[in-house]
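Enquirer: Turn this into a model:
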Amino acid sequence: MSSEARRRLLVLAPSRRATSETFIRANLAGLPFRCRAYVGDEWPLNQPDQMLYASAIVLSKVFTRLRWLRLASLPASVVAWWLIRRHRPDGVLVEFGFEAVRVMEACAWSGVPLVVHFRGSDASANDRLGLLRERYRRLLRLAAGVIVKSRPMAATLLALGASEQRLLISPSGANARLFHGSNPAEAPPVLLAVGRFVAKKGPLHTIRAFALLQADAAMAVPGAELWMVGDGPLLAPAKALVAQLALQASVRCLGAREQAEVAVLMRQVRAFVQHSLVAADGDSEGSPVAVMEAQLSGLPVVATRHAGIPEVVIDGRSGLLVAEGDEQGMAVAMGRLLRDPQLAADLGDCGRLRVEAGFTVDHHLQQVADFVERMIRCPATQPPSRQA
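Expert: Sure, this is the predicted structure:
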């Protein structure tokens with residue numbers, strides 16, 4: 001048995017139940033450690049320690065809402081310190097920066113190495129990064145290591161004090177056991193978008209781009225459709241926009257779907273589309289998993305030059321990238337792939353090989369496992385300040 005398999009890892013996360021949190025479940029199932037997990041939104045009556053952690057997280061949230069930011073770190077840190085004393089982990093892995101701020105003092109008190117996994121909004125949105133900027137500075141002094149999804153996220157955290165030598169850039173990756181077998185050359189002229197209906201995913205931009213494509217006689221493709229998977233606060237406005245643009249016959253909102261269902265849909269379409277952009281509140285992507293899943297399936301991707309997307313999608317080789325907000329450019333890119341099945345197939349093949357080579361879930365889990373092991377073996381040489 002490897003040393004990694006013998007390691008005990010305490011994993012703390014805000015949630016693991018949401019459809020969008022598949023990566024947290026993947027980490028718990030796939031990391032080669034003995035993982036003990038506690039999450040902030042579960043209240044099982046037969047698990048008092050889990051209920052205690054969730055209660056402490058609620059109290060921390062209340063203090064944060066009141067802008068008592070230093071005090072907000074204490075309730076969950078006290079419980080996390082008790083959990084560390086109970087389970088004696090070799091390291092603590094915390095999902096999302098805002099969750100790590102809530103429990104960071106426990107690792108300072110116990111001396112157990114802390115690895116923080118930033119995901120996206122926690123390193124960009126005003127109600128996360130903007131609110132917690134100074135608390136993040138302390139977090140980054142306490143953390144043994146930091147994991148991020150993209151180079152832009154890395155730059156943000158390096159500017160706040162993260163150590164470049166203790167920072168890992170690792171997209172969450174796509175599941176090769178689910179995503180495979182797309183055949184764009186033979187598929188009907190259907191575009192697929194997958195993601196929550198929130199501003200940073202740009203669902204309204206995607207719909208308007210498709211409308212521009214259909215309205216232009218030189219670009220329009222007979223029988224073209226746009227399928228959209230997901231739910232969220234912008235779903236109702238999206239449906240209203242579809243009706244306003246008279247696209248009910250060609251735009252289908254399919255609701256939230258499980259990963260296995262999404263994988264099947266990807267084997268039925270010509271291309272994947274996503275108009276990611278920085279939302280008005282600053283919220284930004286990390287490296288969208290659905291983009292990697294589409295490429296691993298063999299689909300070409302039409303997306304924006306946003307966050308970590310250009311690190312995964314090579315413009316003109318595995319997909320077509322446009323500027324954030326460029327709906328006309330996205331319409332043109334959509335039209336190219338719908339009119340040219342062979343181009344779609346060529347780009348899809350390139351994307352599949354690229355993701356197979358370095359962007360699968362297995363790649364991500366191995367990178368995270370190696371990094372956590374290194375942070376446990378070689379914690380920071382400078383002891384963190386005890387000042388909160």
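Enquirer: so where's this protein uncertain?
Expert: Residue ranges of the chain with pLDDT under 70: 1-5, 18-23, 380-388.
Enquirer: quick check: domain ranges of it?
Expert: According to automatic domain parsing, the chain comprises the domains 3-173+361-377, 190-358.
Enquirer: Format those as a markdown table; extra columns: distance to Asn183 and mean neighbour count.
Expert: Every residue, glycine included, has its C-beta placed from N, CA and C. Formatted as a markdown table, these follow (distance: least, C-beta to C-beta, whole Å; neighbours: other C-beta atoms under 10 Å):
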| stretch | distance to Asn183 | mean neighbour count |
| --- | --- | --- |
| domain 3-173+361-377 | 23 | 19 |
| domain 190-358 | 7 | 20 |
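Enquirer: Now those in CSV, please, with extra columns for distance to Phe179.
Expert: Formatted as CSV, the domains of the chain follow (distance: least, C-beta to C-beta, whole Å):
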stretch, distance to Phe179
domain 3-173+361-377, 10
domain 190-358, 4
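Enquirer: Gly181 is nearest to which of those?
Expert: domain 190-358 (5.1 Å; C-beta to C-beta).
Enquirer: Quick one: end-to-end distance for the closest one.
Expert: Terminal residues of domain 190-358 are spaced 28 Å apart (C-alpha to C-alpha, to the nearest Å).
Enquirer: And for stretch 10-28?
Expert: 10 Å.
Enquirer: Then stretch 60-78?
Expert: Taking C-alpha to C-alpha, stretch 60-78 runs 11 Å from one end to the other.
Enquirer: ditto for stretch 166-186
Expert: End-to-end span of stretch 166-186 (C-alpha to C-alpha): 46 Å.
Enquirer: Okay, helices next: where are they in the stretch 201-350 of the chain?
Expert: Per DSSP state H, counting those that start in this stretch, the stretch 201-350 of the chain carries helices over the ranges 203-215, 235-244, 259-266, 289-297, 309-312, 327-339, 341-358.
Enquirer: which residues touch the second one?
Expert: Put plainly, it is helix 235-244. Contact with helix 235-244 is made by Phe197, Pro203, Leu204, Ile207, Arg208, Met228, Gln248, Val251, Cys253, as judged by C-beta atoms under 8 Å, 6 or more residues apart in numbering.
Enquirer: would you turn these into CSV with distance to Leu296?
Expert: Output for those, formatted as CSV (distance: C-beta to C-beta, whole Å):
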residue, distance to Leu296
Phe197, 24
Pro203, 22
Leu204, 27
Ile207, 26
Arg208, 28
Met228, 20
Gln248, 32
Val251, 25
Cys253, 24
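Enquirer: Between which two of the residues you listed is the distance greatest?
Expert: Phe197 and Gln248, at 17.2 Å, using C-beta to C-beta across the contacts of helix 235-244.
Enquirer: Surely Ala162 and Val146 touch.
Expert: Yes: in this structure Ala162 lies within contact range of Val146 using C-beta atoms under 8 Å: 5.0 Å.
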